[in-house]
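Next comes the sequence, and after it the predicted model I'd like to discuss.
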Amino acid sequence: MKTILVLSQNAVFDLGNGAGKEVIFKTLVGLSEHFKIELIAPGSNPQINNCRFYQLQDALFNKLKRIPIIGFIYNFIYIMQLKNEIKKKISKNMINPDLVYLAGPWMSFIGHSIFENKKTIVVRYFGVNWNPEKHNSIKQKIKFYLKNKGYRKFGNLVIMTNDGTRGDEFLKRLNCPNLKIMFLPNGIDFVQEAIEKTESRKILMSKYKIPESHRIILTVSRLTSWKRVDRAILGLKEALKYNSQISLLVVGDGEERQHLERLVQSEGLAKYVRFAGAIKHDQLRVYFSECDIFLSLYDYSNAGNPLFEAMMYRCCIITLDSPAMKFFVSDKGAVLLKESSPYAIGIAINKLLSNKELLLEYGVNAEKEVKANLLPWNKRISIEVDKLIELSSLS
């Protein structure tokens, strides 16, 4: 069995055991069936067969990264620290991989500086989390200097998630050869056994002390600025002008949580918004099963797994329209808003809540469309793993 070294700048479970970057975990499980894995990453040990884990320390980085100027300067120090720490772990544990898998632009930069022209290298990106149209502005070049250093390294293969952020176009703009790009959407865990809506509502109404008369709106995401949970909060405020029997349940955690909690307080919405924090993935089905409407209102793309899973559970979706979204969902499977104003969101919420038949119709169509457009995770991961096996046989 050949060895693959995985360097990941994200923890597998960076929001706690069972909650975090699901796609990394799914990939590692798929790889473990064919490779011995040496995983170097922050966070906790994912406890995967055939996988040895070496932890990277990131506590100080997480404290400093959001501080203006100081955080930016520390990025340069941190990436050098990471490089030295990784080199020491490789040397001390005599890691001699057949294949190197670099997850994230920082790890691409570090991994290429260690292994370029010495090993077969695969680079893995999970979409592009800023507007690629502004990629060449002076502000963007300064802000994302280190990321761009990594993005410009292509190794032998670049696997980019098709999540609506047009990552393939971004790579081509950086002159990445077409033959080196694999552009794949994520997979989906198809529902095996749904929970009855009445049962799930009873569980969550009790847990979060939501009045029984309230309709439930749900968001699920990391609480970071570009995921724009603030839009859901302000859209709820607008909806409450017409219907006071609505609650918003925010699932997820992250650096924006305190800001969002302050927004809820300042807007007088404490009675109507509940923050659930990070939830283990296998428990999310209760949340999807109970909601009346699912909101996804990100800046750059909404074609992520929370949206797909909501569709799988026949949630009625409200999201933002864009050309990239048409690959995943039509205007029959979701309410695709042309604008992201609180007024537009609030009107859409009230239109749906006042029409039970329309609410159900969107949910049924959403399930049909996600099944038509996405593969189950095991088949999606096998496409990637098969390519890596092919590459390793050439090394």
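Alright, I've got the coordinates.

where does this protein dip in pLDDT?
By pLDDT under 70, the low-scoring segments of the chain are 13-21, 129-137, 139, 191-195, 395.

need the strands for it, in chain order.
For the chain, strands defined by DSSP state E occupy the ranges 2-8, 35-42, 51-56, 99-103, 120-125, 157-161, 181-184, 215-220, 246-251, 273-277, 293-296, 316-320, 335-337.

can you redo these as JSON lines with distance to Leu352 and mean neighbour count?
Every residue, glycine included, has its C-beta placed from N, CA and C. Formatted as JSON lines, the strands of the chain follow (distance: least, Cβ to Cβ, whole Å; neighbours: other Cβ atoms under 10 Å):
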{"stretch": "strand 2-8", "distance to Leu352": "39", "mean neighbour count": "23"}
{"stretch": "strand 35-42", "distance to Leu352": "40", "mean neighbour count": "22"}
{"stretch": "strand 51-56", "distance to Leu352": "44", "mean neighbour count": "17"}
{"stretch": "strand 99-103", "distance to Leu352": "38", "mean neighbour count": "27"}
{"stretch": "strand 120-125", "distance to Leu352": "35", "mean neighbour count": "24"}
{"stretch": "strand 157-161", "distance to Leu352": "29", "mean neighbour count": "23"}
{"stretch": "strand 181-184", "distance to Leu352": "32", "mean neighbour count": "16"}
{"stretch": "strand 215-220", "distance to Leu352": "9", "mean neighbour count": "24"}
{"stretch": "strand 246-251", "distance to Leu352": "11", "mean neighbour count": "23"}
{"stretch": "strand 273-277", "distance to Leu352": "19", "mean neighbour count": "18"}
{"stretch": "strand 293-296", "distance to Leu352": "6", "mean neighbour count": "28"}
{"stretch": "strand 316-320", "distance to Leu352": "6", "mean neighbour count": "25"}
{"stretch": "strand 335-337", "distance to Leu352": "7", "mean neighbour count": "19"}
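
can I get the ones you listed in JSON lines with distance to Arg231?
As requested, the strands of the chain are exported to JSON lines (distance: least, Cβ to Cβ, whole Å):
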{"stretch": "strand 2-8", "distance to Arg231": "30"}
{"stretch": "strand 35-42", "distance to Arg231": "30"}
{"stretch": "strand 51-56", "distance to Arg231": "34"}
{"stretch": "strand 99-103", "distance to Arg231": "29"}
{"stretch": "strand 120-125", "distance to Arg231": "26"}
{"stretch": "strand 157-161", "distance to Arg231": "23"}
{"stretch": "strand 181-184", "distance to Arg231": "28"}
{"stretch": "strand 215-220", "distance to Arg231": "9"}
{"stretch": "strand 246-251", "distance to Arg231": "11"}
{"stretch": "strand 273-277", "distance to Arg231": "13"}
{"stretch": "strand 293-296", "distance to Arg231": "8"}
{"stretch": "strand 316-320", "distance to Arg231": "9"}
{"stretch": "strand 335-337", "distance to Arg231": "10"}
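
Which of the ones you listed sits closest to Lys89?
Of all these, it is strand 51-56 that lies closest to Lys89, at 4.8 Å by Cβ to Cβ.

Arg380 is nearest to which of the strands of the chain?
The closest of the strands of the chain to Arg380 is strand 181-184. By Cβ to Cβ, the value is 6.8 Å.

Contact partners for Leu146?
By Cβ atoms under 8 Å, 6 or more residues apart in numbering, the contact set of Leu146 is 75-76, 79, 105-106, 109.

typo on my end, Leu28
With contact set as Cβ under 8 Å, 6+ apart, Leu28 has these partners: 6, 12, 37, 39, 46, 48, 51.

Might you report the residue contacts of the fifth one?
In this case it means Pro46. Pro46 touches 12-13, 25, 28, 39, 53, counting by Cβ under 8 Å, 6+ apart.

between the helix ranked longest in the chain and strand 51-56, what angle do the directions make?
Determined from DSSP state H, the single longest helix within the chain is helix 70-92. Compare the direction of helix 70-92 with that of strand 51-56 by axes from the mean of the first three to the mean of the last three Cα atoms, to 10 degrees and you get 140 degrees.

can you dump the C-alpha coordinates of helix 70-92 into CSV?
Extracted in CSV, the C-alpha atoms of helix 70-92 (Å, rounded to 0.1, in the frame of the first residue of the first chain):
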residue,chain,number,x,y,z
ILE,A,70,-1.3,42.8,13.5
GLY,A,71,-3.2,39.8,12.1
PHE,A,72,-2.0,40.5,8.6
ILE,A,73,1.7,40.8,9.7
TYR,A,74,1.4,37.7,11.8
ASN,A,75,0.2,35.7,8.7
PHE,A,76,3.8,35.9,7.3
ILE,A,77,5.3,34.8,10.6
TYR,A,78,2.8,32.0,11.0
ILE,A,79,3.3,30.5,7.5
MET,A,80,7.1,30.3,8.2
GLN,A,81,6.4,28.7,11.5
LEU,A,82,4.1,26.2,9.8
LYS,A,83,6.8,25.4,7.2
ASN,A,84,9.4,24.7,9.8
GLU,A,85,7.1,22.7,12.0
ILE,A,86,6.0,20.6,9.1
LYS,A,87,9.6,19.9,7.9
LYS,A,88,10.5,18.8,11.4
LYS,A,89,7.6,16.4,11.6
ILE,A,90,8.4,14.9,8.2
SER,A,91,12.1,14.5,9.2
LYS,A,92,11.5,13.2,12.8
